[in-house]
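# requesting a structural model of the entry that follows:
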Amino acid sequence: MKSRRVVRRREYLGKGWKLGTLEINQVASTFAAEIRGIDASSPLSARDLDALIGALDRYGVVVMPDQNLTPDQQISVSEQLGPLENSDEGSPSFRKLRENLQYVDGRVSEISNLAQGKGLLEESDVRRLFTFANQLWHSDSTFRPIRARYTTLSAVKVPESGGDTEFADVASSYDALSDEDKEEIKDLMGVHSPTVVMEAMGATRPDGGGFVSEYGTQSRPIVDIHPGSGRKVLNVPSHCSHIEGMSLPEGRSLLTYLREKATLPEFRYRHVWSLGDFVIWDNRSTLHRACRFKERKEARQLVRTVVQDA
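Prediction:
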């Protein structure tokens, strides 16, 4: 649901809205929208910021084509949404990687298979681990003391095929659960770990890069309430290691079941990247994952910021 200020201004267009020169059109069956009429390279007006936050509350994922933002511009518009996460904090591995990244500001990071924004990474480069780990369904930073509210990505280089990003609507998928399932999970707490995904990828072994983290685990409800929409959502990303009060096998079995429910095809949107795309999503109401591409042959470089939650 959007704020009352947006509701008074907008005109209904089927599965979209028009606010003066600004158009918001839904692009998937239950969520995700494309916005036209916002220039994210300059500070957003009160109207545009209000509309953007309203669209994120309603649709979860917002796509803005042809923005072609610089990292500084991306930082600027992201900071209008809230304080930014420093991507290097808590990860000695990533702090060391910063010297091999194209961008030195810790408020941005790269989702990339390039060294210094140029040649392809060596086959043994530890950064390839992040490429693989991103292919699991997740929500950003749920293992940190302050989780992510929004994540933004700008497309700098895209492969000829593949390398898309898939999103899942965890509000609509919760609504579709049976009453029995809802009753079973209503009070459960999940334990989110900074290393469980890397363990699944085999990346905590010495031959896998020795990934370590300075963060402990975080307990978060399996069923949460999105503050912007008031809807209940499933909080079951791959960083959710187990469930409090359940044996490890029983809890992980339930998490696998819920994650499958959350990511059914009818609750997905697959974004095919074009150069200059600027995509923002709400981590509290979506899961996402990267799709495979020929990362040993083609370049893929996306610039990322993360807006912290309250």
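
# worst-scoring helix or strand of this structure, pLDDT-wise?
Least confident helix or strand of the chain, by mean pLDDT, DSSP states H and E, is helix 4-9 with a mean of 34.

# doesn't Trp281 belong to a strand?
Yes - secondary structure assignment (DSSP: H, G, I helix; E, B strand; the rest coil) places Trp281 inside a strand.

# nearest spatial neighbour of it, chain-adjacent residues omitted?
The shortest distance from Trp281 to any residue other than its chain neighbours is 4.4 Å, reached at Val61 (CB to CB, 6 or more residues apart in numbering). No exception for glycine: its C-beta is placed from N, CA and C like everyone else's.

# how many residues are close by the one you found?
The local packing count at Val61 equals 25, with neighbours defined by other CB atoms under 10 Å.

# what sits against it?
When contacts are counted by CB atoms under 8 Å, 6 or more residues apart in numbering, Val61 touches Ala28, Phe31, Ala32, Ala33, Phe167, Tyr269, His271, Val279, Ile280, Trp281, Asp282, Thr286.

# tell me the one among those nearest to Ser78.
Comparing the contacts of Val61 against Ser78 with CB to CB picks out Ile280 as the nearest, at 8.3 Å.

# just checking, that closest one touches Tyr59?
No - look at Ile280 against Tyr59 with CB atoms under 8 Å: they stay out of range, at 10.2 Å.

# who has more neighbours, those two?
Set side by side, Ile280 and Tyr59 give different neighbour counts by other CB under 10 Å, the larger being at Tyr59 (30 against 24).

# and that one, how far from Pro71?
In this structure, Tyr59 and Pro71 are 25 Å apart, going by CB to CB, to the nearest Å.

# next: Gln308.
When CB to CB is the yardstick, Gln308 and Pro71 sit 18 Å from each other.

# show me what the closest residue in space to Thr142 that isn't next to it in sequence is bridged to.
Spatially, and ignoring its direct neighbours in sequence, Thr142 is nearest to His192 (4.5 Å; CB to CB, 6+ apart). On DSSP bridges, the residues paired with His192 through beta bridges are Gln218, Cys240.

# what about His192, neighbour count?
25.

# could I get the pLDDT score of it?
Here the pLDDT value assigned to His192 is 98.

# enumerate every residue touching it.
Listed by CB under 8 Å, 6+ apart, the contact partners of His192 are Thr142, Phe143, Thr217, Gln218, Ser219, Arg220, Pro237, His239, Cys240, Ser241.

# repeat that for 10 Å
Contacts for His192 were tallied using CB atoms under 10 Å, 6 or more residues apart in numbering; they are 139, 141-144, 147, 215-220, 235, 237-242.

# next one: Tyr150
Contacts for Tyr150 (CB under 10 Å, 6+ apart) come out as 52-53, 56, 62, 78, 81-82, 84, 140, 280-284, 305-309.
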